[in-house]
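>>> Turn this into a model:
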Amino acid sequence: MRIADPLLLLLFFVPLAYASHGWVRRRRAPQNHINFPALMFMADAGLSRRARWRPLLVPLRVTGLVLMVIALARPQRPHDVQETRLRSRNIMVALDISSSMKAGDFQPGNRLEVARRVLNEFVQQREGDLIGLVIFAGRTFLQAPLTPDTDLLGETIERVDIGMLPDGTAIGTALAMSLNQLKDLPPKASVIVLITDGANNTGKPSPFAAAEAARSLGVRIHAIGLSTADTIQADRDLIWRWGRAPARLTRSDEAVLARISSRTGGLFYRATDPQALRHIMSEIDPLERQEVLVHETRDYQELYLLALIPALVLLALELGLSATWLRALP
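Below you'll find the model as predicted:
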């Protein structure tokens, strides 16, 4: 089941505030009142049936309002679910969108533009495979869960841009999120492709802890380090921000990525230009395809009537009782 409009659940504060206000008002004595000393003999008299039932009016109204909020949020359940068996590879791509990906050493365009273009080409050739996308910087976000829809995924990749997430490089968190999408699928056909140009500097778990989790599940990690060549021609326009040259992956950065990959049975590649990146992505093709059962939901059934009808009944009952049998003087 899912909620179509979850933001409307914030309206829960209305019945809760009403119930809290009523409770406080009942606990507080009225500021002005009239004493009738002649009626003191009735102090020990029991409450009438109507007086005993009157406190139920508040729960009736509060419950009705709560159910009304649930109805407005539109709970739904899958209605048209189709099961499809595919023989596919399962590929999660973790793409770095930190500010350093602005570097213009991958011509034409910056590192992220080239990575998007090569990824799109790669995705369009993966007919029959399941592919997902995780983007990361200082935080991570599941941009696209595993899907066989290559056209939709290509459009999603084109919308990815620097600045969508706080700056930083949370490699371990991105690997963990990618692994979470693959954990229930055949490991022999599952792989994570990590594309980054920096070292992990934020987030949990650490890249090594994420790699250990991937190794235990049998999922390989291929790491691609984007970095400028060791020698840069002076006449090339590589100054990308504040007059600084593009950052290179250090030997220690490459050692970390290589260790992550080798620990899971994957490979580390250093891409210095778009052609190298294309060649590296083609290395994933030999993965063995495995049969996967895909549940695809095409339609949802509205369930709001299950909350709306009881809500209207309770509110009508509360209004009717307060105006008739449980009526009280002002």
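
>>> CA atoms for contacts and neighbours, from now on please.
Will do.

>>> how close does P274 sit to L11?
Distance from P274 to L11, counting by C-alpha to C-alpha, to the nearest Å: 51 Å.

>>> now A176
A176 sits 34 Å away from L11, going by C-alpha to C-alpha.

>>> So those two - more neighbours on which side?
A count of neighbours by other C-alpha atoms under 10 Å puts A176 above the other of A176 and L11, at 20 against 16.

>>> can you pull the pLDDT of the more buried one?
Here, the pLDDT recorded for A176 equals 94.

>>> and the host helix or strand of it, which residues are buried?
Secondary structure assigned from DSSP states H and E places A176 in helix 171-182. Neighbour-count burial for helix 171-182 flags I171, G172, T173, A174, L175, A176, M177, S178, L179, Q181, L182 (criterion: 16 or more other C-alpha atoms under 10 Å).

>>> what packs against that helix?
strand 90-96, strand 130-136, strand 140-147, strand 190-196, helix 207-217 (3 or more C-alpha pairs under 8 Å, 6 or more residues apart in numbering; DSSP states H and E).

>>> the inter-axis angle of it versus strand 190-196?
150 degrees (axes from the mean of the first three to the mean of the last three C-alpha atoms, to 10 degrees).

>>> which outside residues touch helix 171-182?
Contact with helix 171-182 is made by 90, 92-94, 133-136, 139-142, 145-146, 190, 192, 194, 199-200, 202-211, 214, 219, as judged by C-alpha atoms under 8 Å, 6 or more residues apart in numbering.

>>> C-alpha coordinates for it, CSV please?
Extracted in CSV, the C-alpha atoms of helix 171-182 (Å, rounded to 0.1, in the frame of the first residue of the first chain):
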residue,chain,number,x,y,z
ILE,A,171,31.4,7.0,-1.8
GLY,A,172,30.6,4.5,1.0
THR,A,173,27.0,5.7,1.4
ALA,A,174,26.5,5.5,-2.4
LEU,A,175,27.8,2.0,-2.5
ALA,A,176,25.6,0.9,0.4
MET,A,177,22.5,2.4,-1.3
SER,A,178,23.4,0.7,-4.6
LEU,A,179,23.9,-2.6,-2.9
ASN,A,180,20.5,-2.3,-1.2
GLN,A,181,18.9,-2.4,-4.7
LEU,A,182,20.8,-5.6,-5.6
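
>>> the helices in the protein, which residues?
Along the chain, counting by DSSP state H, helices occupy 13-27, 49-53, 57-73, 111-124, 150-159, 171-182, 207-217, 251-263, 274-282, 305-323.

>>> contacts for the first one?
In this case it means helix 13-27. Here helix 13-27 has contacts from V58, P59, V62, T63, L65, V66, using C-alpha under 8 Å, 6+ apart.

>>> Distance check, the third one against P187.
Distance check for V62 against P187: by C-alpha to C-alpha, it reads 50 Å.

>>> and these two? which has more neighbours close in?
Shown here are V62 and P187; by other C-alpha under 10 Å, V62 has more neighbours (22 against 18).
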